[in-house]
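>>> what follows is a protein structure lacking sequence information:
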């Protein structure tokens, strides 16, 4: 641990020196570096796709859409709007300040630690990095050790664009992460599971620094009577099994009335067969490692409906539907994060609200209903980081919407302008002129209180 700390301390100190030069806060430099990042991502797309396939067996279309294209859209949005976001916001002054000018400026925190997960190892590394750099910070990025090929790609990519004092990648496992948490970063950003997220929250509290946590959780999907069941099934299946279900905002389970269960189950089964066939040759990502593969196997009940075979030696797990799941089933006790979809029948959605209220707040909530009144009633009753009506995952892919959790699903928001603001803070400025001050208050006070009471009425 000591040798890790010594090496990291040198990098940490180098970033302090770089930040103090003011270069990271120079608008022109920020725009140049972010534009270069977009260019390099485009230039090295094939290498990125190969790395993502090596780590997660991602189909090229899924990898390009969710990682490369997504990031380049985010970069384009940031570059287009950064100058406007950076512009100070002028505010009014009380009349007794006259003459004066007051404004609010966004200021960078300093050094930011970003620790990213393995499920979208490129997107969830670079998306917060884009926000942090755009806000004027210096960044140390620690990618997940569970995605080694993408981690190496990120190391080379960032080194080719940024001065190490501005942004650098540090690879390693748990020991590396623990050592980095000992350093007094001015901002911490972590995406992953709740247990490790608590360590980042503890480190942030220890250093009195702000923290951004994206932690996921079990995202419920509720289906009402008043809905086109076939379209609902198609959209739920498309979202749930993208990246083999290894998405923090994927619908974790479906709650629906008893009388809809069998029809919805059949529609889902038919849709899965159309999308993935009944063979092992399918456009479905693999499970990240043996530990997660076995964890998912242990959650599968005997009555699960499997669409095709498993291929254990390739960590390929067949999509599965879990009919008539009970609230106390093992699969309902943790975030699934895999290609398993439990269906929970209930008398009506009003009855299901009680067990749902007993669960931790989710990153996303999905409600399928043609009744706007019913949809809004459910959304009001169940807190979550975001809500999507009649589709899934759309709120997480819109750069104009912030993404973030609530309670055990996370803390803070980023993406687009929200990300720029999350990785910076508001700093108040007032400028006055050295002219005669008719409103000065200073001893001896004599009758000034009476005068002020008349002048300063609320």
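Received the coordinates, thanks. Just so we're clear, the structure is a prediction, and the values are computed from it rather than from any experiment. Residues are numbered from 1 along each chain as shown.

>>> give the buried residues for stretch 361-376.
For stretch 361-376, a neighbour-count test (16 or more other C-beta atoms under 10 Å) marks 361-369, 374-375 as buried. All C-beta spots, glycine's among them, are computed from the backbone N, C-alpha and C.

>>> just flag the most distant two among those.
Pairwise distances across those peak at 22.4 Å for 363 and 374 (criterion: C-beta to C-beta).

>>> domain boundaries for this protein, per the record?
Following automatic domain parsing, one finds the domains of the chain at 2-215+408-427, 219-400.

>>> mind checking how far the last one is from the chain centre?
For domain 219-400, the gap between its own C-alpha mean and the chain's C-alpha mean amounts to 20 Å (C-alpha atoms, centre = their mean, to the nearest Å).

>>> that domain spans what distance, first to last residue?
21 Å (C-alpha to C-alpha, to the nearest Å).

>>> kindly report the same for stretch 203-217.
Stretch 203-217 end-to-end distance (C-alpha to C-alpha) = 22 Å.

>>> ok, now stretch 315-333?
Stretch 315-333: ends 23 Å apart by C-alpha to C-alpha.

>>> and stretch 285-296, by the same measure?
Start-to-end span of stretch 285-296 (C-alpha to C-alpha) is 14 Å.

>>> same question, stretch 139-153
17 Å.

>>> mind listing what's buried in it?
Judged by neighbour count (16+ other C-beta under 10 Å), stretch 139-153 contains these buried residues: 139-144, 146-151, 153.

>>> from the residues you listed, which ones fall inside strands?
Judged by DSSP state E, the subset of those located in strands is 139-142.

>>> pLDDT at the residue nearest the centre of the chain, what is it?
Using C-alpha atoms, centre = their mean, the residue of the chain that lies closest to the mean C-alpha position is residue 214, 5.0 Å off. Residue 214 carries a pLDDT value of 96.

>>> repeat for residue 191
At residue 191, the predicted lDDT confidence score is 97.

>>> the nearest residue to it once chain neighbours are set aside bridge partners, please.
Nearest in space to residue 191, with sequence neighbours left out and distances taken as C-beta to C-beta, 6 or more residues apart in numbering, is residue 214 at 4.1 Å. Applying DSSP bridges to residue 214 yields these beta-bridge partners: residue 191, residue 410.

>>> ok now do residue 214, which residues does it touch?
When contacts are counted by C-beta atoms under 8 Å, 6 or more residues apart in numbering, residue 214 touches 124, 190-192, 248, 363, 403-405, 410, 412.

>>> ok, now residue 124?
Going by C-beta under 8 Å, 6+ apart, the list of residues near residue 124 reads 116-117, 191, 214.

>>> biggest separation within the residues you listed, which pair?
Longest span within the contacts of residue 124, C-beta to C-beta: 116 and 214, 9.6 Å.

>>> need the residues touching each of these two.
Counting by C-beta under 8 Å, 6+ apart, the residues touching both residue 116 and residue 214 are 124, 191-192.

>>> so how far is the helix or strand harbouring residue 53 off the chain centroid?
The secondary structure element spanning residue 53 is helix 45-56 (assigned by DSSP states H and E). Helix 45-56 sits 21 Å away from the centroid of its parent chain (C-alpha atoms, centre = their mean).
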